[in-house]
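# coords please:
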Amino acid sequence: GFSDLRFAASNRVFLPFREHLKEWCDPTTVVEETKGMNLTDVDKNVLIDIAGSYGVNVCGYDLYKRFLKEGIKTVGNLGPVLGPLHPVLRENIEMLQEIAQKPDGEVSFHMSGTEAVMCATRLARFNKKRRMVVVFGGAYHGWWDGVQTIAGNERSAADVITLKDLDPNSLDVIRMRRGEIAAVLINPLQAFHPNSPPPSDLVLASNSRKAGSKSSDKKKKTAGGLQQLEQTYMNWLNKLRKVCTDNDIVLIFDEVYTGFRLAPGGAQEYYKVKADLVCYGKTLGGGLPNGVVVGDRNLMSRCDPKKPLRVAYVIGTFAAHPLVLGCMNAFLKWNKTEGVKAHKKIKELVKEFCINVNEDMENEDLPLRITAYTSVWTMLFQKPGRYHWLLQYYLKDEGINLSWVGTGRLNFSLDFTKSDMEKVQKKLKKACKRMVEDGWWHDEKATSGISIKLALAREFATAFITSFFS
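Next up, the predicted model:
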């Protein structure tokens, strides 16, 4: 009866294997308790969580429990009063203005990151009186069909232009169509995999996953390659910033995922580039659903002073819900103090983790490498194969919890220690060895990327013909 689960559970593996998965196992995990980064399920199995609760768990579950308790303590006497405002709102606004580098800006509260993006794009269109919004290939900005130009949206987003990341020609398009374009929408997570959707086992046909390097050369997929890509992306953001400024176009950062994960001040701090509007969500709610937009006052306006009947209706029933504000307040205070130290520590730990795992895999002759973007990381398969998607189930059997995208996107929360990462490394190596022992990573010389693609093409053609004539 849980429709969301049915969708996520059926989209964990490459399409041809979907029906086999349904018959083979139930991927659902039902949990009762967390302690640190460990989940305890109803059968008392303990799993190390590297899924990160879809990006929400930046700090560590124990801290969110603290934020929830502090939030209730702050606003508990008020209850779910909507309309009248709790005093904590003002303190939150001041901290958000500081984080977004907008001391004179305004803040709008919502109930999800998708809603925050909806708000930002609507206000940009309204205040610039233009209808087009630019997005970049592969970037995800929530499930709203107004900006979702990739698979999953059957409505044509006719007022969205999809351009190529890191391409000078894209800057030329923005300049030439400046009279139509209201905003350029950026998801800084794309620095990890430019012009590609978020890595997922759903599309893992072979070893075609790319992340952490501009080059497809496997030898360059190292920490150095990622640093080079991050510098390239920083330069790209600066160029976009200049083009938007010169042509009176709004630059929007979708920081729903990267805000507070790349740095305490998000991608603006990490890349040293300022946006006009910034969208936040996920972890900002201190464990509760939320969405926030922070922007320059003139861009946050929802009324046209010259046309009183022209308004941008952007408001919601649960905007600025007292309990959300209370938990958010606890998170924001932590972010200003303990969070700064935690971010510095995790970067060094993750860097060391990647080096150790890759050396381990190479020494054991296992066809897997990893690469990371601060605390976000992914697994890269080093040889062609049709069964790489099975690794997520071996990992779960070894006691590691992954999200529905499998080995594509993994997250360390800031409470991970060196010891915790060593446990993950051991479990990862053991799962990989079992993949070899069970024959899923066989060494047949006939297996190549081309032969796999040809086999897939034949299978899809056969399936289409069978379906057509039946």
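# all contacts plus neighbour counts: C-alpha atoms, from now on.
Noted.
# Could you pick out the longest helix of this structure?
helix 338-363 (DSSP state H).
# Give the buried residues for it.
By neighbour count with 16 or more other C-alpha atoms under 10 Å, helix 338-363 contains the buried residues 339, 342-343, 346-347, 349-351, 353-354, 357-358, 360-361.
# pretty sure Asn207 is in a strand, no?
No - Asn207: not assigned to a strand; according to DSSP: H, G, I helix; E, B strand; the rest coil it is coil.
# Give me the distance between it and Leu368.
10 Å (C-alpha to C-alpha, to the nearest Å).
# now do Leu15
Distance, Leu15 to Leu368, by C-alpha to C-alpha: 22 Å.
# Now do the shared contacts for Asn207 and Leu368.
Overlap between the contact sets of Asn207 and Leu368, as judged by C-alpha atoms under 8 Å, 6 or more residues apart in numbering, is given by 380-382.
# List buried residues within the residues you listed.
380-381.
# least trustworthy helix or strand in the chain by mean pLDDT?
helix 449-469 (a mean of 66; mean pLDDT, DSSP states H and E).
# hang on, the earlier thing: report all helices and strands that the longest helix of the chain contacts.
For helix 338-363, the packing partners by 3 or more C-alpha pairs under 8 Å, 6 or more residues apart in numbering; DSSP states H and E come out as strand 368-373, helix 418-437.
# Mind doing that once more with 10 Å?
helix 223-246, helix 322-336, strand 368-373, strand 376-381, helix 418-437 (3 or more C-alpha pairs under 10 Å, 6 or more residues apart in numbering; DSSP states H and E).
# Next, format the ones you listed as CSV and append distance to Tyr280 and mean pLDDT.
Output for the helices and strands packed on helix 338-363, formatted as CSV (distance: least, C-alpha to C-alpha, whole Å; pLDDT from 0 to 100):
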stretch, distance to Tyr280, mean pLDDT
helix 223-246, 18, 88
helix 322-336, 12, 97
strand 368-373, 19, 95
strand 376-381, 17, 94
helix 418-437, 28, 97
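# Please produce a markdown table containing those, extended by distance to Cys119.
Shown next, in a markdown table, are these (distance: least, C-alpha to C-alpha, whole Å):
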| stretch | distance to Cys119 |
| --- | --- |
| helix 223-246 | 19 |
| helix 322-336 | 18 |
| strand 368-373 | 28 |
| strand 376-381 | 27 |
| helix 418-437 | 39 |
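# between these, which one is nearest to Phe7?
strand 376-381 (22.6 Å; C-alpha to C-alpha).
# List the strands paired with the closest one, with their directions.
strand 368-373 (antiparallel), strand 410-411 (antiparallel) (DSSP bridges).
# deepest of those, which one?
Of all the strands paired with strand 376-381, strand 410-411 carries the top mean neighbour count, a mean of 25, counting by mean count of other C-alpha atoms under 10 Å.
# and for that one, what are the contacting residues?
49-58, 199, 261, 372-379, 401-403 (C-alpha atoms under 10 Å, 6 or more residues apart in numbering).
# So how do I select the buried members of the residues you listed in ChimeraX?
Buried residues among the contacts of strand 410-411 (16+ other C-alpha under 10 Å), as a ChimeraX selection:
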select :49,50,51,52,53,54,55,56,57,58,199,261,372,373,374,375,376,377,378,379,401,402,403
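# thinking again about what came up before, just send the strands paired with strand 376-381 back as JSON lines, with distance to Pro322 too.
Converted to JSON lines, the strands paired with strand 376-381 look like this (distance: least, C-alpha to C-alpha, whole Å):
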{"stretch": "strand 368-373", "distance to Pro322": "34"}
{"stretch": "strand 410-411", "distance to Pro322": "29"}
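# Relative to Arg155, which of these is closest?
Among these, the nearest to Arg155 by C-alpha to C-alpha is strand 410-411 (30.3 Å).
# Please work out the average pLDDT along that closest one.
What strand 410-411 shows for mean pLDDT is 96.
# now swap in stretch 114-126 and tell me
The average pLDDT within stretch 114-126 is 97.
# So for Asn329, which of the strands paired with strand 376-381 sits nearest?
strand 410-411 (23.7 Å).
# any idea where the helices of the stretch 51-200 of the chain begin and end?
61-75, 88-99, 113-128, 168-176 (DSSP state H, counting those that start in this stretch).
# Buried deepest among those, which one?
helix 113-128 (a mean of 24).
# Which elements pack onto that helix?
strand 106-110, strand 132-136, strand 181-186, strand 250-254, strand 277-281, strand 291-295, strand 303-304, strand 307-311.
# Could I have the CA atoms of that helix written out in CSV?
What follows is helix 113-128, C-alpha atoms only, in CSV (Å, rounded to 0.1, in the frame of the first residue of the first chain):
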residue,chain,number,x,y,z
GLY,A,113,13.6,21.6,-1.3
THR,A,114,11.4,21.2,-4.4
GLU,A,115,9.1,23.9,-3.1
ALA,A,116,12.1,26.2,-2.5
VAL,A,117,13.2,25.8,-6.2
MET,A,118,9.6,26.4,-7.3
CYS,A,119,9.6,29.6,-5.2
ALA,A,120,13.0,30.9,-6.5
THR,A,121,12.2,30.3,-10.2
ARG,A,122,8.7,31.8,-9.9
LEU,A,123,10.1,34.9,-8.2
ALA,A,124,12.9,35.3,-10.8
ARG,A,125,10.4,35.1,-13.7
PHE,A,126,8.1,37.5,-11.9
ASN,A,127,10.6,40.2,-11.1
LYS,A,128,12.5,40.0,-14.3
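# report the angle between the axes of that helix and strand 307-311?
With axes from the mean of the first three to the mean of the last three C-alpha atoms, to 10 degrees as the basis, helix 113-128 and strand 307-311 are set at 150 degrees to each other.
# how distant is helix 113-128 from the center of its chain?
19 Å (C-alpha atoms, centre = their mean, to the nearest Å).
# and the angle from that helix to strand 291-295?
30 degrees.
# Of the strands paired with strand 376-381, which is nearest Gly439?
Here strand 368-373 is closest among the strands paired with strand 376-381 (C-alpha to C-alpha), at 15.4 Å.
# Distance from the chain centre to the closest one, please.
16 Å.
# do stretch 89-103 as well
That offset, for stretch 89-103, works out to 23 Å (C-alpha atoms, centre = their mean).
# Next: stretch 335-351.
Counting by C-alpha atoms, centre = their mean, stretch 335-351 is centred 19 Å from the centre of its parent chain.
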